[in-house]
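In: Pasted the sequence and its predicted model underneath.
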There are 2 protein chains.
Amino acid sequence: MLTMASSTLLPLTDISACCSPITRETLDSEQAELLARKLKALADPARLRLISIVAASEDAEACVCDLTEPIGLSQPTVSHHLKLLTEAGYLTRSQRGNWAYYRLVPGALDSVAELLVTA
Amino acid sequence: MLTMASSTLLPLTDISACCSPITRETLDSEQAELLARKLKALADPARLRLISIVAASEDAEACVCDLTEPIGLSQPTVSHHLKLLTEAGYLTRSQRGNWAYYRLVPGALDSVAELLVTA
DNA sequence: GCGCTGTATTGACAATCTTCGATACAGCTC
DNA sequence: GAGCTGTATCGAAGATTGTCAATACAGCGC
């Protein structure tokens, strides 16, 4: 498919310019649901470290084989976390040969951060 | 007690100036654990809306009675979420008479947002 | 084709989370 | 004191989550 990650329910990627910081206007339940899902995707130590390691990697990308060992979890578990992060719009996946390379989606973390800021 | 919210395991409040953005340096597992817990406290639609409503309230504070109805959850559940948010360092509680007033901890959301930003 | 290597999916289990009703506690008023 | 009101805690039920071993799939080299 061409347009990726606009998965089952809601386009989880498009929080970007959707709303102002949560302390500026009161969230309706739909916005809250959306942001909660974005945050839930981040709210796991393994996934935070995955993001961190990907960002710090050569060329800002990493394959599953690079990630399994430093994370200290099984390969299926790492794949699972990477899938979650991808579906949540934080990572993209590109396969080259046998390897699946993941990289950060530019601005994805920032758009969430902007919603939390009180200024 | 005087110094509140420094609960059981780790001082959940003190992420503030603890580390640089997660995309700058790779997180060790302890930092990841800490940030994940902060994010998990936010990663719920009810709690996001609670924060949002408190921030928008008169004098930036609200009592449980003000929050139960707009959230649409039972009073015990709202109390539970407020306790979580307080323990996570996002809210403070102050009792005046029969009412418990909650308000935002200044800078708490911002310090988390700073850790997510890639710039 | 066959085997190998890297990754994804499946199925299961344990742990955690969200929610509620029932109940307990705290502080007011009379 | 007794009764009321606002809030917190308890206990339980249902849903979700994180993890793994086993297995399936995809793409390479021979």
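Out: Thanks, I have it. Numbering: from 1, shown residues only, chains lettered A, B, ... in the order given.
In: what's near enough to touch the residue nearest in space to the middle of chain A?
Out: By Cα atoms, centre = their mean, chain A has its centre lying nearest to A:Tyr90, at 2.5 Å. Each residue near A:Tyr90 by Cβ atoms under 8 Å, 6 or more residues apart in numbering or on different chains is listed here: A:Ala41, A:Leu42, A:Ile51, A:Leu104, A:Val105, A:Ala108, A:Leu109. Heads up, the C-betas are built off the backbone N, CA and C, glycines and all.
In: Please repeat the previous calculation with a cut-off of 6 Å.
Out: Contact analysis of A:Tyr90 by Cβ atoms under 6 Å, 6 or more residues apart in numbering or on different chains lists A:Val105, A:Ala108.
In: Would you quantify the distance from it to chain B?
Out: 10 Å (Cβ to the nearest Cβ, to the nearest Å).
In: State the pLDDT value of the closest residue to A:Ala62 other than its chain neighbours.
Out: Here the nearest residue to A:Ala62 in space, its sequence neighbours aside, is A:Val54; by Cβ to Cβ, 6 or more residues apart in numbering or on different chains that works out to 4.9 Å. Listed pLDDT for A:Val54 reads 97.
In: tell me which residues in the host helix or strand of A:Leu67 are buried?
Out: Element membership for A:Leu67, per DSSP states H and E: helix A:64-71. Neighbour counts using 16 or more other Cβ atoms under 10 Å in any protein chain shown place A:Val64, A:Asp66, A:Leu67, A:Thr68, A:Ile71 of helix A:64-71 among the buried residues.
In: Please report the distance of the third one from DNA strand D.
Out: Pointing back at A:Leu67 there. 12 Å (Cβ to the nearest atom of the strand, to the nearest Å).
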